[in-house]
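Engineer: only the shape, not the letters, is given here:
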């Protein structure tokens, strides 16, 4: 026997069914209307849209084999329903009888609309005085091309005469939830209702699509798996909503019987798979030793395997619905302890997840209440799951924002550590000046900019009389003296000039953009003159001199090692020649010092 499609519970399942009882009173109050009665519906054009349920009487057909003629002979067996526009999940057929009285001033143009797209088959008969005036078949089992009105919901135009009395006889059979928000509408009212709903669905769908593309772009840029998992979860939730509200059948997969029959099941499994992956990644991160992470990923693998089995038609949608109702809540239930611990420790990720699950649980509980006939059908109850899912998408996007912030903070911390390590490797810890490595980098960079009119001078300096100070006053005073020497040199140089300490009492000064060698010699004399004054180190005053040797690029040498060797040779020549002097080495001193 052929089986019919049914709608699985919302992804993640009824894990907050208890919350439904909190909503019953409020949603029920919103959905209250006229008390059920057998009085005919008064169809006035001024009303625009008329709720049919107050006039509905129904007859249960357990076998589904009764004909319309047989049913009409049992008018006294029809009873007023005790639930508002929803009869729960049932496999039997239900006959609905709706008496109508058309206002004499009416144009007689009315449209029957059932605002729940996922109904398999609806036989519609328009009767007058027991005669069938109009007959049609609606529902998802009917190809779109054969439907009277190819809209989002099952609908049928009715041709009525003003002042006449009619009856509508509907036979409804579906394997899913028998949700029957039936209205009779004038064309203008129907257009308004349709446009409003399409606008709402367009806004919510557009928001979801934007979030999906944003997360995909972030994943492509950052390669953070949480973003692609969010896209998977959001896509599954979006496809489920598109199915539930008929937009998917209307625009996306209505042309394909296979897609029409499998879309809702695959969407549910996609959402559950995304939930397993997203929640585990959000709470456990990249820890391969986490048992929680491995368990959640196993759940995702099982769900994917289940989707393959379902796509190959090894299980029916009814069987899948049972599995989904069990597996749906598992990702959230398994994640609650970890999220609770993180929330208690002040982690915003845990708090956000708990709030998201609570809101989603309320929406799921409400739609489950509608599906099972426990909550009346109205705008809020019918859209509760979609609204809660949208809020969840935004809350989960906050989780992505927190993860992005954490990644940025981690990258910044890593960069700072790298800078610190670079500084330690290229900086003298006592004076904060570049060391030999740092000097090599600065010198190599400066040499690339030298020319005949932009000379570079490299000065090698050695303190005169530093060792006696160190021996007499100790190493601490010696260190203070080196720091004081650094400050004095900096006070007589430009900010663009470079001072480096090679170790001990040896310093190197590098200055560029000199127009001629005379400027280089004048700077050396200036630095030498700065050391005539003694250094005050607390209560101690010490006097040290300075011996300077220098070379000029590109005149004397054009490479870093050559310049340093020339300057070093000139400095040692000055030491041997009486100290406290400035000497340039153009190449001859280097030969004599080797």
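Structural biologist: All right, it came through fine. It should be emphasised that the depicted structure is a prediction, and the values quoted were computed from it without experimental measurement. Residues are numbered from 1 along each chain as shown.
Engineer: contact partners for the closest residue in space to residue 246 that isn't next to it in sequence?
Structural biologist: Spatial nearest neighbour of residue 246, chain neighbours left out: residue 117 (2.9 Å); criterion: Cβ to Cβ, 6 or more residues apart in numbering. Just so you know, the C-beta spots here come from the backbone N, C-alpha and C atoms, and that holds for glycine as well. Each residue near residue 117 by Cβ atoms under 8 Å, 6 or more residues apart in numbering is listed here: 140, 152-154, 243-246, 249-250.
Engineer: ok, of those, which one's closest to residue 338?
Structural biologist: Distances from residue 338 to those, taken as Cβ to Cβ, are shortest for residue 244 (30.5 Å).
Engineer: touching, that closest one and residue 385? I think so.
Structural biologist: Yes - the pair residue 244 and residue 385 passes the contact test of Cβ atoms under 8 Å, sitting 7.4 Å apart.
Engineer: any idea how far residue 558 is from residue 582?
Structural biologist: Separation of residue 558 from residue 582 (Cβ to Cβ, to the nearest Å): 22 Å.
Engineer: between the two, who's got more neighbours?
Structural biologist: In this view residue 558 and residue 582 are compared by other Cβ atoms under 10 Å, and residue 582 has more residues nearby, 23 against 12.
Engineer: could you find the closest non-adjacent residue to that one?
Structural biologist: residue 524 (3.8 Å).
Engineer: what is the neighbour count of the one you found?
Structural biologist: Neighbours around residue 524, by other Cβ under 10 Å: 23.
Engineer: before we move on, what about residue 244?
Structural biologist: 23.
Engineer: tell me what the helix ranked longest in the chain is packed against?
Structural biologist: With secondary structure taken from DSSP state H, the chain has its longest helix at helix 384-426. Helix 384-426 sits against helix 187-222, helix 225-244, helix 257-284, helix 348-371, helix 436-447, with contacts defined as 3 or more Cβ pairs under 8 Å, 6 or more residues apart in numbering; DSSP states H and E.
Engineer: how about 10 Å then?
Structural biologist: The contact analysis (3 or more Cβ pairs under 10 Å, 6 or more residues apart in numbering; DSSP states H and E) places helix 384-426 against helix 17-31, helix 187-222, helix 225-244, helix 257-284, helix 348-371, helix 436-447.
Engineer: and that helix, how far from the chain's centre?
Structural biologist: Distance of helix 384-426 from the chain centroid (Cα atoms, centre = their mean, to the nearest Å) equals 11 Å.
Engineer: state the mean pLDDT of it.
Structural biologist: Averaged over helix 384-426, pLDDT sits at 86.
Engineer: can you verify my assumption that residue 122 contacts residue 135?
Structural biologist: No - with contact defined as Cβ atoms under 10 Å, residue 122 does not count as touching residue 135 (11.8 Å).
Engineer: would CSV of the contacts of residue 117 with pLDDT and distance to residue 374 be doable?
Structural biologist: Output for the contacts of residue 117, formatted as CSV (pLDDT from 0 to 100; distance: Cβ to Cβ, whole Å):
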residue, pLDDT, distance to residue 374
140, 89, 24
152, 93, 25
153, 94, 23
154, 96, 23
243, 93, 22
244, 91, 18
245, 94, 21
246, 92, 23
249, 90, 26
250, 90, 29
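Engineer: sitting in strands, which of the residues you listed do you find?
Structural biologist: Of the contacts of residue 117, none are assigned to strands by DSSP state E.
Engineer: still on that earlier bit, show me which of residue 122 and residue 135 is the more surrounded one.
Structural biologist: More crowded of residue 122 and residue 135, by other Cβ under 10 Å: residue 122, with 24 against 13.
Engineer: what strand or helix carries that one?
Structural biologist: strand 121-128 (DSSP states H and E).
Engineer: quick check: closest non-adjacent residue to residue 570.
Structural biologist: residue 549 is the one closest to residue 570 (Cβ to Cβ, 6+ apart), at 2.8 Å.
Engineer: so that neighbour makes contact with residue 579?
Structural biologist: No - if you go by Cβ under 10 Å, residue 549 and residue 579 don't touch, sitting 11.5 Å apart.
Engineer: more neighbours: which of these two?
Structural biologist: For residue 549 versus residue 579, the count of surrounding residues by other Cβ under 10 Å is larger for residue 549: 27 against 14.
Engineer: in the helix or strand encompassing the more buried one, what counts as buried?
Structural biologist: According to DSSP H and E, residue 549 maps onto strand 545-553. For strand 545-553, the neighbour count (16 or more other Cβ atoms under 10 Å) marks 546-553 as buried.
Engineer: these into a markdown table, with extra columns for pLDDT?
Structural biologist: Supplementary listing: those in a markdown table, determined by pLDDT from 0 to 100:
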| residue | pLDDT |
| --- | --- |
| 546 | 92 |
| 547 | 94 |
| 548 | 94 |
| 549 | 93 |
| 550 | 94 |
| 551 | 93 |
| 552 | 92 |
| 553 | 90 |
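Engineer: okay, these in a markdown table with distance to residue 417 next?
Structural biologist: Below are those laid out as a markdown table (distance: Cβ to Cβ, whole Å):
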| residue | distance to residue 417 |
| --- | --- |
| 546 | 38 |
| 547 | 40 |
| 548 | 38 |
| 549 | 39 |
| 550 | 37 |
| 551 | 38 |
| 552 | 39 |
| 553 | 35 |
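Engineer: and of those residues, the nearest to residue 466?
Structural biologist: residue 546 (10.0 Å).
Engineer: elements contacting the strand holding residue 549?
Structural biologist: Using 3+ Cβ pairs under 10 Å, 6+ apart: strand 545-553 touches helix 436-447, strand 455-464, helix 475-491, strand 506-514, helix 517-529, helix 560-576, strand 582-584, helix 588-593.
Engineer: next, the buried residues of the third one.
Structural biologist: Pointing back at helix 475-491 there. Neighbour-count burial for helix 475-491 [16+ other Cβ under 10 Å]: 477-478, 480-482, 484-486, 488-489.
Engineer: now for it, which elements pack on it?
Structural biologist: strand 455-464, helix 466-473, strand 498-503, strand 506-514, strand 535-537, strand 540-542, strand 545-553.
Engineer: can you do 7 Å?
Structural biologist: helix 466-473, strand 498-503, strand 535-537 (3 or more Cβ pairs under 7 Å, 6 or more residues apart in numbering; DSSP states H and E).
Engineer: to residue 420, which of these lies closest?
Structural biologist: Here strand 498-503 is closest among the helices and strands packed on helix 475-491 (Cβ to Cβ), at 19.1 Å.
Engineer: angle of the closest one against helix 475-491?
Structural biologist: 160 degrees (axes from the mean of the first three to the mean of the last three Cα atoms, to 10 degrees).
Engineer: list the buried residues for strand 498-503?
Structural biologist: Of all the residues in strand 498-503, those buried under the rule 16+ other Cβ under 10 Å are 498-502.
Engineer: stretch 367-382 too?
Structural biologist: Quick answer for stretch 367-382 (16+ other Cβ under 10 Å): 367-378, 381-382.
Engineer: can you give me how far it is from the chain middle?
Structural biologist: 30 Å.
Engineer: great, nothing more from me.
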